[in-house]
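Asker: Quick one: sequence and predicted model below, then my questions.
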Amino acid sequence: MANAASGMAVNDECKLKFLELKAKRTYRYIIYKIEEKQKQVVVDKLGEPANGYDDFAANLPADECRYAVYDFDFVTEENCQKSRIFFIAWCPDTSRVRSKMIYASSKDRFKRELDGIQIELQATDPTEMGLDVFRSRAN
């Protein structure tokens, strides 16, 4: 397990599941959470390839921070099918201050463990990571 600057380790499963998403497209998304007692980042939820954006957004808690990776498929103006891997730092305004601080201080270290992130989003409410935001950032 990797050691993070904030003291948060990264569970090996986090990297393994990300590699499966990236290489084999086994998942549409992965939601990660920090287990404060164990001082590590762990996999919280996995989205099947058939799951869409709405399923992903519905699985982010309204009042708790999470990290997430989303494999976004889109069609370019040239009619090419493409995909971008988004990293989302989800920290709703209603989450605990301590939680926001832990997630903020661990984010860069955790993101470095996931080799292949193409675009990063920070969101405090669902409008900051809507499908329109994904589309505009993906091109």
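Answerer: Nice, thanks for sending it over.

Asker: Not counting sequence-adjacent ones, nearest residue to Lys107?
Answerer: Ala89 (5.3 Å; C-beta to C-beta, 6 or more residues apart in numbering). Every residue, glycine included, has its C-beta placed from N, CA and C.

Asker: ok, now Glu120?
Answerer: Per C-beta to C-beta, 6+ apart, closest to Glu120 is Phe87, 4.8 Å.

Asker: Can you give me the neighbour number for the one you found?
Answerer: 21 (other C-beta atoms under 10 Å).

Asker: Please name the bridge partners of it.
Answerer: Beta-bridge partners for Phe87, by DSSP bridges, are Val69, Glu120.

Asker: List the residues that contact it.
Answerer: By C-beta atoms under 8 Å, 6 or more residues apart in numbering, the contact set of Phe87 is 67-69, 111, 114, 117, 119-121.

Asker: 6 Å - rerun?
Answerer: If you count contacts by C-beta atoms under 6 Å, 6 or more residues apart in numbering, Phe87 has them with 69, 111, 117, 120.

Asker: would the second one count as being in a helix?
Answerer: Yes. Applying DSSP: H, G, I helix; E, B strand; the rest coil, one finds Lys111 inside a helix.

Asker: Could you tell me which residues make contact with it?
Answerer: Lys111 neighbours (C-beta under 6 Å, 6+ apart): 87, 117.

Asker: swap the cut-off to 10 Å and go again
Answerer: By C-beta atoms under 10 Å, 6 or more residues apart in numbering, the contact set of Lys111 is 67, 69, 87, 89, 117, 120.

Asker: ok, of these, which one's closest to Asn51?
Answerer: Val69 (13.3 Å; C-beta to C-beta).

Asker: got a pLDDT number for the closest one?
Answerer: Listed pLDDT for Val69 reads 98.

Asker: That one against Asp115, yeah?
Answerer: No. Val69 is beyond contact range of Asp115, at 11.7 Å (criterion: C-beta atoms under 10 Å).

Asker: Tell me which of the two has more neighbours.
Answerer: Using other C-beta under 10 Å as the criterion, Val69 and Asp115 rank with Val69 on top: 24 against 10.

Asker: The more buried one and Lys100: what is the separation?
Answerer: 20 Å (C-beta to C-beta, to the nearest Å).
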